[in-house]
Every structure is written in C-alpha cells, then in structure tokens.
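In: Provided below for reference: sequence and predicted model.
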Amino acid sequence: MMVGSLAQVRAEIDKIDETLIALIARRGEFVKQAATFKKTAAQVAAPERMQQVIDKVTKLAADKGADIELVENLYRQMIADFIRIEHLALKVNLKD
Ligand SMILES: C=C(O[C@@H]1C=C(C(=O)O)C=C[C@H]1O)C(=O)O
C-alpha cells in the first residue's frame with residue numbers, strides 16, 4: 001500500500017501498533033495460563049520450547065519478508081519478559 005505523506009505513513013504505523021499491542025496482551029494472557037501448568041523455574045524458562053519458538057518465528061520472518069534479526073531480537077526480549085511475568089503470576093519462589 002502506497003501513501004502520499006509522512007502523516008499517512010505514521011497513521012498506518014499507529015494502526016499497526018494498536019494491533020500489535022492487542023496481540024501482545026493476548027499472547028501474555030496465554031503465557032500466564034502456561035505458568036499454571038508449571039512447578040519449577042526450569043519449567044517456567046522451558047529453553048527447548050523457547051528455541052522452538054525462535055526457530056519458528058525466524059522462518060516465518062524469512063517467508064514473509066520481515067527482517068530476521070529484528071524478529072529474533074524482538075522474540076528473545078519478549079520471551080525473557082514473559083518468563084519474568086510467568087514468575088510473577090506464580091507468586092512463589094521456584095527452585096531449579
Ligand atoms: C509460555 C511458555 O513459557 C515461556 C515463554 C515462552 C513464550 O513466550 O513463548 C516460551 C517458553 C518459555 O520460555 C511455555 O512454556 O510455553
């Protein structure tokens with residue numbers, strides 16, 4: 001989609017941001033539910049699942065023409081924060 005001005009570009013970016021934030025919130029609700037099925041810090045971090053997600057989203061990025069490095073960095077940061085949020089959701093001190 002081509003737009004005719006910087007203001008229009010920014011209006012489109014603002015719409016996309018609204019969608020992205022809504023999806024991040026929705027993803028977060030499921031991540032918090034994941035925590036209810038876990039008992040240990042190792043289960044919360046689940047590094048093998050994290051790697052599966054990274055592999056999946058970097059492939060999707062390649063297929064869809066998104067910047068692969070951007071997507072990988074974004075997901076690594078997002079998952080690190082979701083792990084923090086899962087620990088908060090559990091509200092208990094977990095052991096390895
Ligand atoms: C949501 C989970 O917990 C953590 C968060 C993940 C995510 O945000 O995709 C993936 C693995 C775990 O690090 C899970 O185990 O599925």
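Out: Okay, I see it. This one's a predicted model, so the numbers in the text were calculated from it and none came from an experiment.
In: Spell out which residues of this protein are next to the ligand.
Out: By Cβ under 6 Å from any ligand atom, the residues of the chain that approach the ligand are 31, 34, 45-46, 49-50, 53, 79, 82-83, 86. Using the backbone N, CA and C atoms, a C-beta is placed for each residue, glycine as well.
In: rerun that using 5 Å as the cut-off
Out: Contact residues, the chain versus the ligand (Cβ under 5 Å from any ligand atom): 31, 34, 46, 49-50, 53, 79, 82.
In: Double-check residue 54 against residue 77; I have them as touching.
Out: No. Taking contacts as Cβ atoms under 8 Å, residue 54 lies outside contact range of residue 77: 11.5 Å.
In: between these two, which one's more packed in?
Out: More neighbours surround residue 54 than the other of residue 54 and residue 77, with 15 against 10 (other Cβ atoms under 10 Å).
In: Tell me who's in contact with that one.
Out: With contact set as Cβ atoms under 8 Å, 6 or more residues apart in numbering, residue 54 has these partners: 72, 75-76, 79.
In: Off-centre distance for the host helix or strand of residue 58?
Out: Using DSSP states H and E, residue 58 sits within helix 47-64. Remark: helix 47-64 is offset 11 Å from the chain centroid, using Cα atoms, centre = their mean, to the nearest Å.
In: quick one: buried residues of whichever helix or strand comes after it?
Out: Per DSSP H and E, the first helix or strand lying C-terminal to helix 47-64 is helix 68-90. With burial defined by 16 or more other Cβ atoms under 10 Å, the residues of helix 68-90 counted as buried are 71, 75, 78-79, 82-83, 86-87, 89-90.
In: Redo the contacts of residue 54 as JSON lines? Include distance to residue 25 and pLDDT.
Out: What follows is these, written out as JSON lines (distance: Cβ to Cβ, whole Å; pLDDT from 0 to 100):
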{"residue": "72", "distance to residue 25": "22", "pLDDT": "98"}
{"residue": "75", "distance to residue 25": "16", "pLDDT": "98"}
{"residue": "76", "distance to residue 25": "20", "pLDDT": "98"}
{"residue": "79", "distance to residue 25": "16", "pLDDT": "98"}
